[in-house]
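Colleague: Requesting a structural model of the entry that follows:
(one chain, ligands or ions: 1)
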Amino acid sequence: MTDTIDISSSAGSYNFTVGRSIFEKHLTALKKKNQFSDCFIFADENVWKNHNNRIQTAFESAGLSFKKEIIPSGEKSKSIKQWERLTGVLLQSGVRRNTPLFAIGGGVTGDLSGFVASATMRGIPLIHVPTTLLAMVDSSIGGKTGVNHETGKNLVGAFYQPVEVIADTTFLDTLPDREWNNGLSEILKYGAIRDRSIFDRSEFFLERSSASNKKENSSLENLILDCAGIKADIVQEDEFESGKRAYLNFGHTFAHAMEKVADYGTLSHGEAVYLGMLAATNLSNSLGADLNDEILRKFRPLYSFDISPEMLPVDSMFKTMKLDKKNVDENFRFVLLKNWQQPVVETVNNEELIRKAWLTVFNELD
Ligand SMILES: NC(=O)c1ccc[n+]([C@@H]2O[C@H](COP(=O)([O-])OP(=O)(O)OC[C@H]3O[C@@H](n4cnc5c(N)ncnc54)[C@H](O)[C@@H]3O)[C@@H](O)[C@H]2O)c1
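Modeller: Okay, here's the model as predicted:
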């Protein structure tokens, strides 16, 4: 199966394509269309370890010569230090304004490489090759790029659209189980804010225990395509997050605070998002909604959290939440739900209700 969505943005439109073993064909087509022969590859460390033969052969067969740089695995790579290093690599290796950069990896590689591409010579062509489920359904679409800062997550960055997104599910064959769950969290987010059927269609994650089974499940590519379609719909309507795009942050205000306080890495982004959605559901109920969170809790057995409540002092999390980009004044702003699939952005100044929502998270920690 190969399927493509055309995504429009102020910088032009680009294709998102999902399918198995589509990478080679797309490289050849890209070269033909854009007439380039040199390019850069920024690849995630684990992706390179597992797939370097295939990647190198694909570029060689397409007649593309490349310079490659490895990005160390993990959230800590989304740093100003790595951004500076990689920018230096491009500039010292003779990058030109039309030299494309291929970001091959998960959300960390995509966000970091995208930010490098956005600023190098005020923008070089960027091609996302997402290799995690999370990157396929979320981070490779919509043009948000950036790095973390010591004061908070994603606080330094730019909107910068790719020229193409190639989501080849063959890369997922080597994805560890924990990373499947990270992708699942963002998939469930689309279920919560937009399409209830996604909850049911995600049940195969529960039924099948190993990644190898998941990859064989034919519904996976359809699910990826539909989630990418929801994200594309939302970002096309609100490219620079002045309104509806914020809905994609359901659970994320809580999640970003946990990730930061736990010092990036202890709790993965997807794990934090899953817990954050439970907290946001609780807060929504405190403010008048009547949501049965069983629909999210059903997926709880898939997650195991390597963190205790003592590692997440509430005062530190309040401090971090205050720095969240969504806050416009002293009050906290959250994406909440009036009902399932009815997101709203709400200002909350009752700290007791927020503390109560944090308790929901602590009750879930092993
Ligand atoms: N830009 C956006 O709109 C957006 C949206 C959502 C999330 N994000 C960001 O995305 C990041 C999380 O992305 P992620 O979950 O993909 O994490 P990640 O990029 O850190 O990848 C997760 C792990 O999987 C490994 N990996 C990647 N592909 C693999 C493969 N095919 N086989 C084996 N191992 C593989 C990586 O080495 C890493 O250890 C966060 O920084 C988050 O803030 C950005």
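
Colleague: SS state for Glu221?
Modeller: Here Glu221 takes the helix state, with states given by DSSP: H, G, I helix; E, B strand; the rest coil.

Colleague: State the pLDDT value of it.
Modeller: Listed pLDDT for Glu221 reads 94.

Colleague: And Lys215, by the same measure?
Modeller: pLDDT, Lys215: 55.

Colleague: where are the low-confidence patches of this structure?
Modeller: Along the chain, the model assigns pLDDT under 70 to residues 1-2, 208-217, 325-329, 366.

Colleague: mind giving me the domain split of it?
Modeller: Segmentation of the chain into domains, based on automatic domain parsing, reads 2-174, 177-364.

Colleague: List the residues that contact the residue nearest the centre of the chain.
Modeller: The centre of the chain sits closest to Ser139, judged by C-alpha atoms, centre = their mean, with a distance of 3.3 Å. Shown in contact with Ser139 (C-beta atoms under 8 Å, 6 or more residues apart in numbering): Gly106, Gly107, Gly110, Asp111, Pro130. For every residue, glycine as well, the C-beta is placed using N, CA and C.

Colleague: Tell me which of these fall in strands.
Modeller: Using DSSP state E to define strands, the subset of the contacts of Ser139 located there is Pro130.

Colleague: Same list (the contacts of Ser139) but as a markdown table, adding distance to the ligand.
Modeller: Shown next, in a markdown table, are the contacts of Ser139 (distance: C-beta to the nearest ligand atom, whole Å):
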| residue | distance to the ligand |
| --- | --- |
| Gly106 | 2 |
| Gly107 | 2 |
| Gly110 | 7 |
| Asp111 | 5 |
| Pro130 | 7 |
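
Colleague: helix/strand/coil for Ser8?
Modeller: Classification of Ser8 using three-state DSSP returns strand.

Colleague: and the nearest residue to it once chain neighbours are set aside, what element?
Modeller: If the residues on either side of it in the chain are set aside, Ser8 comes closest to Gln236, at 5.6 Å by C-beta to C-beta, 6 or more residues apart in numbering. For Gln236, the host element (DSSP states H and E) is helix 219-237.

Colleague: can you tell me if that helix touches the ligand.
Modeller: No: with C-beta under 6 Å from any ligand atom as the criterion, the ligand is not reached by helix 219-237; the gap is at least 8.1 Å.

Colleague: Past that helix, which element shows up next along the chain?
Modeller: Following helix 219-237 in sequence, per DSSP H and E, is helix 252-261.

Colleague: what packs against that next one?
Modeller: strand 152-159, helix 269-286, helix 314-322, strand 332-339, helix 351-364 (3 or more C-beta pairs under 8 Å, 6 or more residues apart in numbering; DSSP states H and E).

Colleague: so when I look at Glu69, I'm seeing a strand, right?
Modeller: Yes: assessed with three-state DSSP, Glu69 lies in a strand.

Colleague: correct me, but it touches Phe40?
Modeller: Yes: between Glu69 and Phe40 a contact is recorded at 7.2 Å, counting by C-beta atoms under 8 Å.

Colleague: Which of these two has more residues huddled nearby?
Modeller: Phe40 (23 against 17; other C-beta atoms under 10 Å).

Colleague: is it true that that one lies in a helix?
Modeller: No: Phe40 is assigned strand when assessed by three-state DSSP, not a helix.

Colleague: which ones are touching it?
Modeller: Contacts of Phe40 (C-beta under 8 Å, 6+ apart): Phe66, Lys67, Lys68, Glu69, Val89, Leu90, Ser93, Val95, Thr99, Pro100, Leu101, Phe102.

Colleague: and with 10 Å instead?
Modeller: 66-69, 86, 89-90, 93, 95, 99-103, 113, 116-117, 120, 124 (C-beta atoms under 10 Å, 6 or more residues apart in numbering).

Colleague: next one: Ser9
Modeller: Gly142, Gly143, Phe159, Tyr160, Gln161, Pro162, Ala232, Val235, Gln236, Glu239, Phe240.

Colleague: Of the residues you listed - the most surrounded one?
Modeller: Neighbour max across the contacts of Ser9 (other C-beta under 10 Å) = Pro162, 30 neighbours.

Colleague: How much space separates it from Pro301?
Modeller: Taking C-beta to C-beta, to the nearest Å as the measure, Pro162 and Pro301 are separated by 35 Å.

Colleague: Check Leu184 too.
Modeller: For Leu184 relative to Pro301 (C-beta to C-beta), the value is 12 Å.

Colleague: Now, the contacts of Phe40 that are in strands?
Modeller: Phe66, Lys67, Lys68, Glu69, Leu101, Phe102, Ala103.

Colleague: Mind picking the two most distant members of the residues you listed?
Modeller: Lys67 and Ala103 (14.0 Å; C-beta to C-beta).

Colleague: Who has more neighbours out of those two?
Modeller: Ala103 (31 against 15).

Colleague: count of neighbours near Leu323?
Modeller: Leu323 has 15 neighbours, counted by other C-beta under 10 Å.
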